[in-house]
Each structure stands twice: as structure tokens, then as C-alpha cells.
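In: A predicted structure for the sequence below; I have some questions about it.
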Amino acid sequence: MALPMIAVVGRPNVGKSTFVNRLVQTQDAIVHAASGVTRDRSYHKADWNGVEFMLIDTGGIEFVSDDAFGSSIRKQAVMAAEEADAIVLLVDGQAGITPGDVEVGRLLKRAKKPVFLVVNKMDTPGRDSEIHEFWSLGLDTPWPVSSLHGHGTGDLLDALVEALPKAERVPDEAAINVAIIGRPNAGKSSLFNKLLGQDRSIVSEVAGTTRDALDTLLQVGETRYRLVDTAGLRRKSQIDESVEFYSFVRAMRAIDRADIALLVVDSPLGVTDQDQRVARFAAERGCALVIVLNKWDIVDGPDAKAIVVEQVGDKLGFVGYAPVVRLSALTGASIHKLFPLLERVYASYSGSVSTSALNKMLTELRASGHTISKRGVHLRLQYATQTRQKPPGFTFFANHPRLVDDNFRRYLENRLREAFNLEGTPIVLKFKKKD
């Protein structure tokens, strides 16, 4: 049975993300003074006295808004309320009742599930009389809390978990973590939604729409994937707003916990310096990589397509191990190729090579006579073994490991890739002295 869900809704800037962070006891949700920072709904696992549940952080519900994303944000919040087992309507105790609160309250009265009216920013204990006006919303007892200081959240959590359907306590299910990364507006959210088959995150032509990293589980045949849609990554020098900086941090965290990164490239624009930078982030953090040439259907003619393919080799040669798939996230063309490819790449990323097979390869290398020498001293690789997975790492014992240079490392990596199935994964090479 899936964990029960609680949706946190309300008008903008009442402290929903601060409230979620307080209950989850992390800083997963982005907190910022500006309204409209949370756009997509994001999911956060929480626990209270042994009862596990999911909190859904949503964007602010506004019925009249100048924000270009206003209607999409409202739709996402309503979808969260519909899928939740209980709803928290958060209001601002310092601002008092606003027309927006009345509208949201009227909307939630029709919900056939528990609704908790939570009055936030009650930072001074003992002033509960100030919340009496909120009874007029007709949503039962107002709960005074301070998300900033934690006042009142314990009693609220007791009531919340009591109202939830009972769920079996289950361990985290094994899944392949796949982070969808790339420049802003390359089509990451479109790909995310197409893979899920539902509108899980807001898709827009405006760069930087996705600010939080979103993730969800997806079952494909016998394989379970955890897909993470991240904010577009820009140069640090271009991150002027603190909100964008937080988004950058979330994206980096998503890459850190990913097994595989899908680097989405805007094919009509070609491979850019930013694509190189994003690919380097993934390579440095040791996750496997698949290059997705998105919008392939609108690349103008075979000559233009040949140029894009050539750019992949020239500009992304340092991750030449990454397979390339050409598709259209918008139309779904060639999407079916992606999951079999992910399965193969994960097998390379998490697999192992037997010691006997490695040393057979070494015997063949020695027979070829290829080695390096300095001042009459010759490098001899004597023994090899795999010492790690995710990504695979190999330790080579040699008579003079100090002789190993970058060229020989690349030579050895190429021989490993030729001999074994290492598609899509970086590999780690270490050299140790053997007497």
C-alpha cells in the first residue's frame, strides 16, 4: 500500500514551504520571500511517531494573478488536493483573512476528505484568541502554529496522522534513480511528463519553469525507476536570484543521488558550452550518462542533423562512453528506445567484472607490448581487480604506478571498454605499488 498523502495548499506566501520543511525536518522545499516561488507540486516523505506519510508542497492558489504561470500553479495545487488523503489549508495569522483565503476555503469545502485549517506565523505562544476570525471560513477548528519556531506543530501532527488511512510500513523500494538534467528550456519537463504518461510537472516555453527537483516512481515491466525532473542548469555567473541558486543546488543534489543522468540537448540549437558544463557535472559526480537529442523531429534536414551528431563527438567527447538517443519528447517519437537503453546502462553501472577476466585482458595487453617507460624504467601491470561498483572501479597493481600518465589512463580505459560491457558509465582507475 502506498504511503498516505497530505497536500499543503493556500494562497501565495503564507509559508507553505517553511511549514513543509518544519514537518519533514529538512530543507527540501525552497523557501523564499517572493510569492510564486513554488510552482510544481513536490513530494516529501515525513514520519510522526512511527507513522510515515507524504507531504505535497504546492504553489500558491490565486484566482486573479498577473503571474504567467498562475493558472498552471493553481491547477497543480488542485491536482495535489485531489490525490491527497488529507488537506492542510495554510493561512497567514499575521495578515488575517483575505479574499484569497475565502476563495480557497470555498473550494476546499467541496472536498470529500479531512481539511485542516492551519493558521501560520503565530510566533508568540498564548495568543490563540487572535485566530477566532478564521472560524468564519467554515472549515472547523483553526490550528495555530509557527512554522518558523515549531510551536503547535506537534498537536497538529497528532491530529493529522489520526485522520490518515492506515498504511503498512514498507521499506524504500529499490529503484533506478534517473535525473533529467540539461540547460533551461531544452525539454526536460516535456520528457518527464511523456515518460510518466501524465502531467506531473508544469511544461512551459519559458526557461527555468521547473525550480524544485521533482521525483516519482515509475514501473516499466519488471524494472522500477525513480525519475527526477530538475531545474535547468545555468552558469553560476548567470544565477543572479537566490531562488535560481537554490534551484541549482537542488539540481546538483538530484545528480548526486542519481544512478543515471539523462542529458537533454535542444537539437535545433545544437550542443552548447552549457551542455558541456552540465555533462561535466554528471561525469564529476560519477553517475552514468545518456545523451538525449530532443526535438530531433524539427531539426532542419539531414545536413543539419549530421552537424548536431558531429557536435556531440566534438564537444562531448570527454563523455564519449555515453550512448546517444534521438527523440521528440513532444510527439513521443522514439521514446520507446529510452527504457531498454536505461536498463543496459544501469547494468553496466552496477555490474561487475570477474578478476579472472580482468587478468586475461592484462595478459593480452602485455603480449601486445604496449607500455610506457621513463629513464629505462618500464611500467608492468601485474594484477587487476574490481574494487567498486556504481560506478565500476578497477585497481591495477604495478611495479612503478608513478609512471602512469593521462595518456596511458585513456588507453587502459579504452581497452576495458572494448573488452567488457561498460556502456554509459564512467569508470574509476587506481594504480597501486606491488612489490
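Out: Cool, the structure landed. Just so we're clear, the structure is a prediction, and the values are computed from it rather than from any experiment.

In: Now stretch 112-128: buried residues?
Out: 114-122 (16 or more other CB atoms under 10 Å). For every residue, glycine as well, the C-beta is placed using N, CA and C.

In: can you check stretch 270-283 too?
Out: For stretch 270-283, using 16+ other CB under 10 Å, the buried residues are 270-271, 274-275, 278-279, 281-283.

In: Return the distance of it from the chain's centre.
Out: 17 Å (CA atoms, centre = their mean, to the nearest Å).

In: contacting residues around it?
Out: Contact with stretch 270-283 is made by 181-183, 233-235, 252, 255, 258, 261, 263, 265, 289, 291, 307-308, 311-312, 314-316, 318-319, 322, 426, as judged by CB atoms under 8 Å, 6 or more residues apart in numbering.

In: cool, stretch 131-140 as well?
Out: 89, 91, 93, 96-97, 101-102, 105, 108-109, 115, 117, 119, 122, 142, 144.

In: what about 6 Å?
Out: Applying CB atoms under 6 Å, 6 or more residues apart in numbering, the contact partners of stretch 131-140 are 97, 105, 115, 117, 119, 142, 144.

In: what's the least confident helix or strand in this protein, going by average pLDDT?
Out: helix 242-256 (a mean of 55; mean pLDDT, DSSP states H and E).

In: Can I have the buried ones of the contacts of stretch 270-283 as a PyMOL selection?
Out: With 16+ other CB under 10 Å as the burial test, the buried ones among the contacts of stretch 270-283 are selected in PyMOL as follows:
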select buried, resi 181+182+183+233+234+252+255+258+261+263+265+289+291+308+311+312+315+316+319+322+426
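
In: circling back to that earlier point, tell me which of the contacts of stretch 131-140 is nearest to residue 58?
Out: Nearest to residue 58 among the contacts of stretch 131-140 is residue 115, at 14.2 Å by CB to CB.

In: Report the contact partners of the residue of the chain most remote from its centre.
Out: When distances to the mean C-alpha position of the chain are computed (CA atoms, centre = their mean), the maximum falls on residue 376, with 51.4 Å. Applying CB under 6 Å, 6+ apart to residue 376 gives no contacts.

In: how close does it get to residue 308?
Out: 49 Å (CB to CB, to the nearest Å).

In: where does the stretch 301-435 of the chain have low pLDDT?
Out: 435 (pLDDT under 70).

In: Break down it into its strands, ranges please.
Out: 324-326, 373-374, 377-378, 381-388, 393-398, 428-433 (DSSP state E, counting those that start in this stretch).

In: Note down every partner strand of the last one and its orientation.
Out: When you say that, I think you mean strand 428-433. Under the criterion DSSP bridges, strand 428-433 sits next to strand 393-398 (parallel) in its sheet.

In: Can you show me the helices along the stretch 201-350 of the chain?
Out: 242-256, 273-284, 301-315, 338-350 (DSSP state H, counting those that start in this stretch).

In: For the ones you listed, give me TSV that also has distance to residue 56.
Out: Formatted as TSV, the helices of the stretch 201-350 of the chain follow (distance: least, CB to CB, whole Å):
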stretch	distance to residue 56
helix 242-256	17
helix 273-284	28
helix 301-315	38
helix 338-350	27
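
In: Looking at those, which is nearest to residue 380?
Out: Taking the helices of the stretch 201-350 of the chain one by one with CB to CB, helix 338-350 is closest: 28.6 Å.

In: Pull the residues that contact the closest one.
Out: So helix 338-350 is contacted by 176, 220, 223, 260, 288, 389-391, 421-425 (CB under 6 Å, 6+ apart).

In: Now it: buried residues?
Out: For helix 338-350, by 16+ other CB under 10 Å, it's 338-339, 341-342, 345-346, 348-349.

In: And stretch 90-108, by the same measure?
Out: 90-93, 100-101, 104-105, 107-108.

In: neighbouring contacts of it?
Out: Taking CB under 6 Å, 6+ apart as the rule, stretch 90-108 contacts 10-11, 14, 16, 19, 61, 63, 89, 115, 118-122, 133, 137, 139.

In: Over to that stretch now: how far is its first residue from its last?
Out: Using CA to CA, to the nearest Å, one end of stretch 90-108 lies 12 Å from the other.

In: Could you do stretch 320-334 as well?
Out: Distance across stretch 320-334, first residue to last, is 22 Å (CA to CA).

In: Then stretch 140-159?
Out: Termini of stretch 140-159 sit 13 Å apart (CA to CA).

In: any idea of the mean pLDDT for it?
Out: Stretch 140-159 carries an average pLDDT of 89.

In: Cheers, nothing more for now.
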